[in-house]
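> I would like the atomic coordinates for the input below:
(one chain, ligands or ions: 1)
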Amino acid sequence: MGVAEPVHFLRETFQNFRTTGAVAPSSRFLGSAMVRAFPKRGQAPADFRVLEVGPGTGPFTKQIVKRLGGRGRLDLWEISPLFVECLQKRFKKEKVFRETTTKLHLNLGDIMQLPAKPTYDFIVSGLPFNNFTPHEVEGFLEHFRKLMKPGGHLTYFEYVAVRKIQKPFVGKARRDRIAGIEKVVDRFAKAYQVRSELVPINIPPARVRHLCFQP
Ligand SMILES: C[S@@+](CC[C@H](N)C(=O)[O-])C[C@H]1O[C@@H](n2cnc3c(N)ncnc32)[C@H](O)[C@@H]1O
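Reported below is the predicted structural model:
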């Protein structure tokens, strides 16, 4: 990661905390965990389709592209124009992006605009669920389920214990919102989660959840 990415990230955090939901780009340890369930490097089928939601400055994008090893196609959906600009620059500048034969399609916009057809083998989501309402979180997870080919895999992360730490210090409305998010996340985990892992080296530490949408 260059020096520009953390600066862009902080600027976006101050301007749009609700959608950014973090103070720094994710660590490479979290990035590795996010692609752990991918096919081994270069072994994805040629028509392998990946969707990255909320790539930010691109810490997961780099790991996804490396892991695809020139195969398949990666669609990215990012709501922040600043982050899209940052990614466009990285795609032009960095060898890993310049030289890949994986097709990269970067879209500026809300992921909910993407028509919900079963398209993807793998979805990597960086969305900050804790900043949304339970209804919105449910909407995102349902949308991902509909975008998935049968047996497709979703990986997303949550900051560890953030909801538990917040609970005693916030008002009732916020506590109810947090409890509502937990309910939605637990329901999806019960139905589809195949694995979860803790990544301590990240600001703040994170838990990665792997969900498999069996037909
Ligand atoms: C917690 S940041 C994660 C950024 C990056 N993946 C990382 O780990 O450093 C959340 C990202 O989701 C993006 N985002 C939030 N809501 C979105 C939406 N509805 N559609 C697409 N991107 C969204 C934000 O702009 C931001 O880049």
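> Just the strands from the chain, written as ranges.
Taking DSSP state E to define them, one finds strands in the chain at 49-53, 73-78, 103-108, 120-125, 148-159, 193-199, 206-213.
> contacts for the third one?
With contacts defined as C-beta atoms under 8 Å, 6 or more residues apart in numbering, strand 103-108 is touched by 65, 72-79, 81, 84, 87-88, 91, 97, 114. (Glycine included, C-beta is placed from N, CA and C.)
> Of the residues you listed, which is the most crowded?
Counting neighbours by other C-beta atoms under 10 Å, residue 78 comes out on top of the contacts of strand 103-108 with 27 neighbours.
> So that residue sits against residue 85, correct?
No: Residue 78 lies out of contact with residue 85 (C-beta atoms under 8 Å); the separation is 9.9 Å.
> Give me the below-cutoff pLDDT ranges for the protein.
Filtered on pLDDT under 70, the chain yields the residue ranges 1-3, 163.
> Kindly recompute the last result at 80.
Scanning the chain with the threshold set as pLDDT under 80 gives 1-7, 9-10, 13-14, 17, 21, 23, 161-170, 215.
> need the longest helix for it.
Taking DSSP state H as the criterion, the chain has its longest helix at helix 172-192.
> what angle do that one and strand 148-159 make?
When axes from the mean of the first three to the mean of the last three C-alpha atoms, to 10 degrees is applied, the directions of helix 172-192 and strand 148-159 differ by 140 degrees.
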